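> A structural model of the following input is requested.
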Amino acid sequence: MSATRLQACFGAWIVALTVVFYTLPQVSTYSWAAIGLSAAAAVLVGIRLHRPSRRLPWYLLSAVVACFTLGDTTYNILTDVLGIANPFPSPADVFYLVIYPMLAVALLVFIRARSGTDNRAALLDALVPTAGLGLLSWVFLISPYVHDAGLGFVEKAVSVGYPLGDVLALAMFARLLTAGGRKPVALTILVVGVSSLLITDVVYGLRQLAGTWHVGGPVDAGWVLFYTAIAMSALHPSMRELTLAERVTQGVAGGRRLATLSAAALIAPAVLLIEHLGGEVVDAPMIATASGVMFLLVMARVAGLMQSQRETAARERTLRLTGAHLVAASSVAQAGEALRRAVAEIVPDGEDHRFFMRGVDAEPGTPAGVMSTGRVLVADLPAEIAAELGGFEQALVAESIAAGRTADGPPRKHQVFLAGSDELLSVLETSFEALMAQGTMAVERINLTDEVNRRSSEDYFRALIQSASDVILIVGDDEVIRYASPSALAVFGRTDLLGLPLSRLIAGTDHADLAHLLDQVRGGRGPRDGVDLTAISGDDLLLQVECTCRDLRDDPAVGGLVVTIRDVTERRRLESDLAHQAFHDALTGLANRALFQNRLEHAASYAAERRHEVGVLFVDLDDFKEVNDSLGHAAGDQLLITVGRRIADVVGPLCTVARTGGDEFAVLLDHVGAADEAEQVAGRIVAVLADPIEVTDATGAPHLVRGAASVGVATSAEATGISELLRRADVAMYGAKTQGKNTWQRYQDQMHEAMLRRLEMRSALNEAVAGGQMRLRFQPIVDLPTNEVAGLEALVRWQHPVRGLLGPHEFIELSEENGSVVAIGGWVLREALRTFAQWRRTEAGADMRYVSVNVSARQFRTPGFVDEVREVLAETGARPEWLLLEVTESLVLHDADQVWRDLRELRAMGVRIAIDDFGTGYSSLSYLSQMPVDVLKIDKSFIDDILDNRQQMALVETIVSLARTLELAVVAEGIELDEHRAALAGMGCSYGQGYLFSKPITSDEFQELLRSRHSAVLN
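Numbers count the residues shown, from 1 in each chain. Modelled structure (predicted):
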């Protein structure tokens, strides 16, 4: 039969007997005995059915019920059979009084079995209400018997024994309830029964004092409930839990407990107040004693709470610090050390204990992240663990399952043991669980972090290997390839490298270097980096590779030599190209200045040892700027390339030819044999460069230009060092230019002096305009048919402070070089217009039409030149049509869009434009129809030969005829003979100038010329 059905049957049986007891008084003795003995028997049945770990308290409870029944039976026999009215004291009281110590012992056994230790706080909480209720029992139950003079000693002792027994049972009962822990159903039922007994005893005592007690009243129902509850508690399956150890946590008392304690503490003041209000305080000593006892109990409880609070705060602080240490831990060993320190701190000082940790492999497949805690008997543990825990009986254990050390390894079981006394383990159990939970989370975090890092590292290095451009090979001791990274396909063009000897990838010429590399690494002489070898691709192409080798034969994951091969073919080619570019000219392919200097140093050093000469030639193209200006830089580049090639062909492959600047070349003769060998080479260079060179302009039109150059020659016989040799060659080259260009010169000491004078003049030119050293000369322009002066050309002269009056051929080129031509040109424009305006206001000069002023290309391209002309016209009061600006043909053709816009703007103002020295440039006559010009000036070189050279005559006639067709005026320069004038006038040339009419003269002389001509006309 199940326990539930058994309880139901027993309950029905007791109810039936109770009904018989109250309805059939004649058999009440028997029915009452049946109720008590049935309950006692039911307890024994419960013991046999549920088999509790400790049976003594249940046997005592069965005896309590049996004794109670015997007492009732004896009392009933005395009254019903023997006819004694209310026998007191009687033998029945012996049975009644003996039940209280048996009940107290049973409850005490339950307390010890459940809590396993002395719970000081629970004991104090139980004693406070016990003291209060004991005071009430004294006042209302015990004291009346003590002060009753009509009772004998035995009667008083028996009467006092009942309330004292109730107080004893109450103390044990309160201690059981305040022990904490989970309350099983059997305990609840037992509480109901004991409470019924205590209440019934109090009512019985009061009825005895009042003399109203009789059998069969409602008070007997309380004892029936006591019997039934004891039996029902034993029959319930949870009765086993009353003798099992229950984990009791010490915490702050709840509201109900505080209310109970407060009410108990107020019992003594309430009793005192009631007696005082009744007019007489008869129990003052007992009230004072009870008050003192309760006060001491409360103070002890408060002290316990304070101590518990301090210990709890210390443990919480330890838990927080341990949590921080566990978060900072980066390994399982560090986490274990943090737990060891935490346990040492939470154990009270002086308490003996043992702490032990270990980690073992768990069964494969055991789920990770699981933790369990509890108590174990040390004797039940393996011998090696029991030996570590000393002689303690019990230990706290925490066990967690974590991931394995490797991805494929078994999970790890981490076990932690803390052995100590039963009281210590009860106090530390909660903190131990919290610590172990933190430790488990820390271990999981560490393992997870390690796993993430491991996988990230594997993914990272796998991605590196997959995307690396270097080829990574693993080679065994037999030099056979065991692994090749995917990049081998891109480098070698093949994937079948596994199983091949490493030497198959390297050219035969480098096999010795490869063997030396591998032997050195295998010999323990360290890794080798950056060894250059020649490799063979799958297409039998040669590759330049850079090899690195590492010995990882002791690494179980590798077990061989790691050879890294990097394809550096393009890098080596680029390095070669960069090295070539660093020492060669990008345009001509010749050596540059740096390489020329380096070879010159070596040649000079070698020549000094062998006692022979070194020669240096500086070559500078004549009028190269005119080619760039007229035909563009592309044509200039073609000219430079051809010149460089011709010079190299002349000097031969054994000599160094370098381009050292824009249009400057240098030649190194590292062994000058004959005395005039350097001069002969210079002569051949001048001759070969004098031949016309064909170039094309931006439109693709071909042009023949001259590559004429000036060459300076110097040898080491004339110099004391390399710098001196270079300087002398440079001076000789400038000397050749001053000799009329298209020639060569060998260095002479006086050339240096000429160079110094040239530099001096360049410097002095910067101050010439500001110092008032510029002078104007005027040459008339004559109407050839009428021989009248139509205009004049303003020509500049330099009144040098030391050298006297200098012509333009002596300083204009220098002024172009240093930029002073802009200031000189501006001065000439202003002075020429100012002078011409003055002459126009005279009677003799009123018929002059214009003044012609030369404008250099540099001056014209200076920003604001058009505005400058406008300002000068306004400043001098000259009219725009009085001004004729002469520009070179190359200026008009170079950068045509901007120049032509400025020329059109000048013409729109009224200023006329002339092309000076027409025919000496490189332009096509077809441009004349588009040029914004008004006048062509034929150069003197065309005029000189027209009388003796029919081709020259025809050329001049063609120019004059073309100009007439284009409605351009023509001025012939350099007319010195009357035959020249007549021939030009005959072919239709309108104007001319030259020494035939007048040489360039001063302003005063020109005014005199105008007056004399004017007087001749008047006469």
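> how about Trp827, what does it touch?
769, 774 (CB atoms under 8 Å, 6 or more residues apart in numbering). C-beta coordinates here come from the backbone N, C-alpha and C atoms, glycine included.
> Can you tell me the SS state at it?
Here Trp827 is helix, with the state taken from DSSP: H, G, I helix; E, B strand; the rest coil.
> Local confidence estimate at it?
On pLDDT, Trp827 comes in at 94.
> how much space between it and Glu760?
Taking CB to CB, to the nearest Å as the measure, Trp827 falls 21 Å from Glu760.
> now swap in Met733 and tell me
In terms of CB to CB, Met733 sits 19 Å off from Glu760.
> Then Leu489?
72 Å.
> List the beta-bridge partners for Pro501.
Val480 (DSSP bridges).
> Please give me every residue in contact with it.
Neighbour list for Pro501: 479-481 [criterion: CB under 8 Å, 6+ apart].
> so what pLDDT did it get?
On the pLDDT scale, Pro501 gets 90.
> and Trp798, helix, strand or coil?
Assignment for Trp798 (three-state DSSP): strand.
> Next up, the contacts around it.
Counted by CB under 8 Å, 6+ apart, Trp798 has contacts 765, 768, 773-775, 805-806, 810-811.
> pLDDT check: weakest of these?
The member of those with the lowest pLDDT is Glu810, at 82.
> List phi and psi for that one.
Main-chain dihedrals, Glu810, degrees, to the nearest 10: phi -90, psi -10.
> what's the burial count for it?
15 (other CB atoms under 10 Å).
> ok, now which ones touch it?
Taking CB under 8 Å, 6+ apart, we find Glu810 in contact with 761, 798.
> and the gap between it and Asn854?
Glu810 sits 16 Å away from Asn854, going by CB to CB.
> picking up where we left off before, with distance to Ile189 and pLDDT as new columns, can the contacts of Pro501 be given to me in CSV?
What follows is the contacts of Pro501, written out as CSV (distance: CB to CB, whole Å; pLDDT from 0 to 100):
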residue, distance to Ile189, pLDDT
Glu479, 89, 87
Val480, 86, 90
Ile481, 85, 90
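> Just among those residues, which is most surrounded?
Once you tally neighbours by other CB under 10 Å, Ile481 ends up highest among those, having 20 neighbours.
> Would you tell me what the next helix or strand after the helix or strand harbouring Arg310 is?
Arg310 belongs to helix 284-328 when assigned by DSSP states H and E. Moving toward the C-terminus from helix 284-328, the next helix or strand (DSSP H and E) is helix 332-346.
> Comparing Met733 and Glu760, which residue is more hemmed in?
Using other CB under 10 Å, the more surrounded residue of Met733 and Glu760 is Met733, with 25 against 12.
> That one: what's it in contact with?
618-620, 710-712, 745.
> Which residue is the nearest non-sequential neighbour of it?
Leaving aside its chain neighbours, Met733 sits nearest to Gly712 (2.9 Å; criterion: CB to CB, 6 or more residues apart in numbering).
> Val65 is in contact with Phe95, correct?
No. Here Phe95 lies out of contact with Val65, judged by CB atoms under 8 Å, at a distance of 11.3 Å.
> Looking at the two now, which is surrounded by more residues?
Val65 (29 against 19).
> tell me the secondary structure for that one?
Classification of Val65 using three-state DSSP returns helix.
> Give the residue spans of the stretch 701-850 of the chain that score low on pLDDT.
Applying pLDDT under 70 to the stretch 701-850 of the chain picks out residues 749-756.
> mind listing the strands for it?
Ranges of strands in the stretch 701-850 of the chain, per DSSP state E, counting those that start in this stretch, are 702-706, 709-715, 744-746, 774-783, 788-800, 804-806, 850-854.
> quick one: which of the contacts of Pro501 is nearest Ala329?
Distance to Ala329 across the contacts of Pro501 (CB to CB) is lowest for Ile481, with 44.1 Å.
> Buried ones in stretch 989-1006, by neighbour count?
989-994, 996-998, 1000-1001, 1003, 1006 (16 or more other CB atoms under 10 Å).
> now for those residues, which pair is the farthest apart?
Spatial extent of these (CB to CB) is set by the pair Cys989 and Ser1003 at 27.9 Å.
> So for stretch 643-659, mean pLDDT?
Averaging pLDDT along stretch 643-659 gives 92.
> what about that stretch, how long is it end to end?
Using CA to CA, to the nearest Å, the end-to-end distance of stretch 643-659 comes out at 10 Å.
> Next, the spatially closest residue to Ala484 that is not a sequence neighbour: secondary structure please.
Nearest residue to Ala484, sequence neighbours excluded (CB to CB, 6+ apart): Leu497, at 4.2 Å. With three-state DSSP as the basis, Leu497 sits in coil.
> Leu473 is in contact with Leu497, correct?
Yes. Between Leu497 and Leu473 there is a contact at 7.4 Å, judged by CB under 8 Å.
> the more surrounded of those two?
Counted by other CB under 10 Å, Leu497 and Leu473 do not tie: Leu473 has more neighbours, with 23 against 20.
> who touches that one in this structure?
Taking CB under 8 Å, 6+ apart, we find Leu473 in contact with 481, 483-485, 488, 497, 502, 562-565.
> If we use 10 Å, what do you get?
Listed by CB atoms under 10 Å, 6 or more residues apart in numbering, the contact partners of Leu473 are 481-485, 488, 497-498, 500, 502, 505, 547, 549, 560-565.
> next one: Met239
Applying CB under 10 Å, 6+ apart to Met239 gives the contacts 3, 43, 46-47, 49-52, 57-58, 184-187, 189-190, 232-233.
> how about a cut-off of 7 Å?
46, 50, 52, 186, 233 (CB atoms under 7 Å, 6 or more residues apart in numbering).
> Dump the residues you listed to JSON lines, plus distance to Gln799 and neighbour count.
Formatted as JSON lines, these follow (distance: CB to CB, whole Å; neighbours: other CB atoms under 10 Å):
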{"residue": "Gly46", "distance to Gln799": "148", "neighbour count": "29"}
{"residue": "His50", "distance to Gln799": "143", "neighbour count": "19"}
{"residue": "Pro52", "distance to Gln799": "142", "neighbour count": "19"}
{"residue": "Ala186", "distance to Gln799": "140", "neighbour count": "22"}
{"residue": "Ser233", "distance to Gln799": "144", "neighbour count": "28"}
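> Sitting in helices, which of those residues do you find?
Those of the contacts of Met239 mapping onto helices are 46, 50, 186, 233, per DSSP state H.
> In those, find the pair that's most separated.
Farthest apart among those by CB to CB are His50 and Ser233. That separation is 10.8 Å.
> does the nearest residue to Ala837 once chain neighbours are set aside count as helix, strand or coil?
Of all residues not flanking Ala837 in the chain, Ala878 sits nearest, at 4.6 Å (CB to CB, 6+ apart). Classification of Ala878 by three-state DSSP places it in coil.
> what residues does stretch 361-375 touch?
Applying CB under 7 Å, 6+ apart, the external contacts of stretch 361-375 come out as 394, 396-403, 410-413, 425, 433, 436-437, 440, 444.
> Since that was my last question, I'll sign off now.
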